[in-house]
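Colleague: Below are the sequence and a predicted model for it; my questions follow.
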Amino acid sequence: MKQETKESAHFASTSKGKGKRKRKEAATKGPVPKKQHLGNDQKTKESRPPKCFFCQEPSHLKPDCPKYHAWRVKKGIIRALVCSEVNLVSVPRNTWWIDSGATTHISVSMQGCPNYRKPNDIERYIYVGDGKQVEVKAIGTFRLLLDTSFYLDFQDTCIVPSFRRNLVFVSKLDKSGYYCSFGNGEFSLSLNSNVIGTGSLMYCDNLYMLDIVTSYNETLHVDSRGTKRKLNNENSATLWHKRLGHISKMRIDRLVSDGVLSNLNFTDLKICVEWIKGKQTKTKRLDATRSSDVLQLIHTDICRPFPSA
């Protein structure tokens, strides 16, 4: 007979509560920080006293070093003075300068030149101080209004745009009968024992500048003279009334008082017909009546009897 054996079963399980508690404890503990040990170099740096950068001695710094203060007193304070000489690069185009070394009158622009001509082969180039040749664009006549209310005409003036300033040839004035005198930073121009122009020395350029009227466009104004065109009066109030868009007399007076316009002549300011026409409105045209009945609108022609053959 077979030996009877007892039946047995093995069961394994895990406890949930105990496992969670262990994981929480492990999460809260974390790594233990290591103790920082100071090396020998750090200990010596912390314990080393401050050192002066000037005398290399301990126990004080450079701002408190007596040797450094004594060296500064002995050396003194350095002061630098820089002097420079500059020339004026930008020169106004409506200024004229007296030049005794020039060979002819020279202008940098054609503004204020009423008539001009093309240069011939001999006058096409002029030579400057360094030996270079400069091209002459044209040769014309200029009229300047001086501070003394006299006009000065420059004949055969070379127009050279590459120059920086307008030059007045003294020898040419002398040949024309003018007398030039210089002294005490002043220049005077005389004709027949009458002073007609003056000038002053500009110390920045060491040149004499001719005193001309530059506050108004009269010095650079070019008159257009023709047989079929009337010469305009620049001081006419009617002319400026039309130029400025037919403004009122009150606004013109305000521009004169503010210095925008010069003193004008109001005697010719009359009723402006063009301004009145511009302010008028056109009459409204009514709609035409349309014909609706038969024979209401008839087009007829009047003919005479035709001749019979």
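Modeller: Yep, that arrived.

Colleague: low pLDDT regions in this structure?
Modeller: Regions of the chain meeting the criterion pLDDT under 70 cover residues 1-47, 76-90, 214-232, 304, 306, 309.

Colleague: which stretches of it form strands?
Modeller: With strands called from DSSP state E, the chain shows them at 96-99, 106-107, 115-117, 125-127, 133-135, 138-145, 151-159, 166-169, 179-183, 186-191, 194-202, 207-210.

Colleague: Would you state the helices of the chain in chain order?
Modeller: 16-29, 40-47, 66-75, 170-175, 237-243, 249-257, 273-279 (DSSP state H).

Colleague: what bridges to the closest residue in space to Asp156 that isn't next to it in sequence?
Modeller: Computed as Cβ to Cβ, 6 or more residues apart in numbering, the closest residue to Asp156 that is not its neighbour in sequence is Ile139, at 5.8 Å. Any C-beta I mention is one placed from the backbone N, CA and C, and that applies to glycine too. Per DSSP bridges, the residues bridged to Ile139 are Arg117, Cys158.

Colleague: From Val160, how far off is Ile139?
Modeller: Between Ile139 and Val160 the distance, using Cβ to Cβ, to the nearest Å, works out to 10 Å.

Colleague: cool, and Trp275?
Modeller: Taken as Cβ to Cβ, the span from Trp275 to Val160 is 46 Å.

Colleague: In this model Val160 seems to touch Ile106, though I could be wrong.
Modeller: Yes. Counting by Cβ atoms under 8 Å, Ile106 does reach Val160; the two are 5.5 Å apart.

Colleague: shared neighbours, those two?
Modeller: Counting by Cβ atoms under 8 Å, 6 or more residues apart in numbering, the common neighbours of Ile106 and Val160 are Ile126.

Colleague: any idea how far stretch 245-264 is from the chain center?
Modeller: Taking Cα atoms, centre = their mean, to the nearest Å, one finds stretch 245-264 lying 27 Å from the centre of the chain it belongs to.

Colleague: actually stretch 186-203, not the one I typed
Modeller: Offset of stretch 186-203 from its chain centre (Cα atoms, centre = their mean): 34 Å.

Colleague: next one: stretch 264-281
Modeller: Centroid separation for stretch 264-281 versus its chain: 38 Å, with Cα atoms, centre = their mean.

Colleague: buried ones in it?
Modeller: Neighbour-count burial for stretch 264-281, counted by 16 or more other Cβ atoms under 10 Å, picks out Leu264, Leu269.

Colleague: CA atoms only: put it into CSV for me.
Modeller: The C-alpha coordinates for stretch 264-281 follow below in CSV (Å, rounded to 0.1, in the frame of the first residue of the first chain):
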residue,chain,number,x,y,z
LEU,A,264,7.6,147.3,-48.8
ASN,A,265,5.9,150.0,-50.8
PHE,A,266,2.1,149.7,-50.1
THR,A,267,1.1,152.5,-52.5
ASP,A,268,0.5,150.1,-55.4
LEU,A,269,-1.5,147.7,-53.2
LYS,A,270,-5.0,148.0,-54.7
ILE,A,271,-8.1,145.7,-55.0
CYS,A,272,-7.0,142.3,-56.3
VAL,A,273,-9.4,141.2,-59.0
GLU,A,274,-8.0,137.7,-59.2
TRP,A,275,-8.5,137.2,-55.5
ILE,A,276,-12.1,138.3,-55.7
LYS,A,277,-12.8,136.0,-58.6
GLY,A,278,-11.3,133.1,-56.8
LYS,A,279,-13.6,133.7,-53.8
GLN,A,280,-16.7,133.9,-55.9
THR,A,281,-19.0,130.9,-56.3
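
Colleague: Need the residues that contact that stretch.
Modeller: Taking Cβ under 8 Å, 6+ apart as the rule, stretch 264-281 contacts Asn233, Asn235, Ser236, Ala237, Thr238, Trp240, His241, Lys242, His246, Lys249, Ile252, Val256.

Colleague: neighbours of the third one, just the number please.
Modeller: Counted with other Cβ atoms under 10 Å, the neighbours of Ser236 add up to 17.

Colleague: do the same with the second one
Modeller: Applying other Cβ under 10 Å, we find 15 other residues in the vicinity of Asn235.

Colleague: Which residues are in contact with it?
Modeller: Here Asn235 is in contact with Ser262, Asn263, Leu264, Asn265 (Cβ under 8 Å, 6+ apart).
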